[in-house]
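Novice: mind looking at a prediction? Sequence and model below.
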Amino acid sequence: MQIETALLIGVLFACATYLILQNSFVKILFGFIVLSNAANLVLLSMSGAPDGREAPIAGQGAGPMVDPLPQALILTAIVIGFGVTAYLVVLLYRLFLDQKTTNAAELYADQDTSEHT
């Protein structure tokens, strides 16, 4: 199961890197979303398998317990990722309203021609 998870994480990171390196800001936004999900999956896979472990509730059995720290880190990362994604969506919307494009090459093409004249 760990091999499949590692391959999935690698594919997600590769897709996210490819999308982030594109010219379209929409693709960059989707790349960021995939990258944050891949990072959450890395945290989850590092926590280990919960087989044979109990929930960390006070007063229960004395057996091995599941570590709650990775789950808390993932929850925090989901909230932060959602906040940054919402900010990027609003930034992209404002960029489209002002410049009428979401392509970085078209956005900076006007600046290159005005600097040389």
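Specialist: Received, thanks. Note that the structure is predicted; figures quoted are calculated from it, not measured.

Novice: same for the longest helix seen in the chain, what does it pack against?
Specialist: The helix of greatest length in the chain, counted in residues with DSSP state H as the criterion, is given as helix 69-99. Here helix 69-99 touches helix 25-46, going by 3 or more Cβ pairs under 8 Å, 6 or more residues apart in numbering; DSSP states H and E. From N, CA and C alone the C-beta is placed, and that goes for glycine too.

Novice: re earlier: pull out the buried residues from the longest helix of the chain.
Specialist: Residues of helix 69-99 classed as buried by neighbour count (16 or more other Cβ atoms under 10 Å): 70, 74, 77, 81, 92.

Novice: once you drop chain neighbours, what's closest to the last one?
Specialist: I take that to be Leu92. The spatially closest residue to Leu92, leaving aside those adjacent along the chain, is Phe25, at 5.3 Å (Cβ to Cβ, 6 or more residues apart in numbering).

Novice: ditto for the fourth one
Specialist: Of all residues beyond its chain neighbours, the one nearest Gly81 is Ser36 (3.7 Å), with distances taken as Cβ to Cβ, 6+ apart.

Novice: quick check: the one you found touching Thr85?
Specialist: Yes: shown here, Ser36 and Thr85 form a contact pair, counting by Cβ atoms under 8 Å, at 7.5 Å.

Novice: now Asn23: phi and psi?
Specialist: Backbone torsions of Asn23, given as degrees, to the nearest 10, read phi -80, psi -30.
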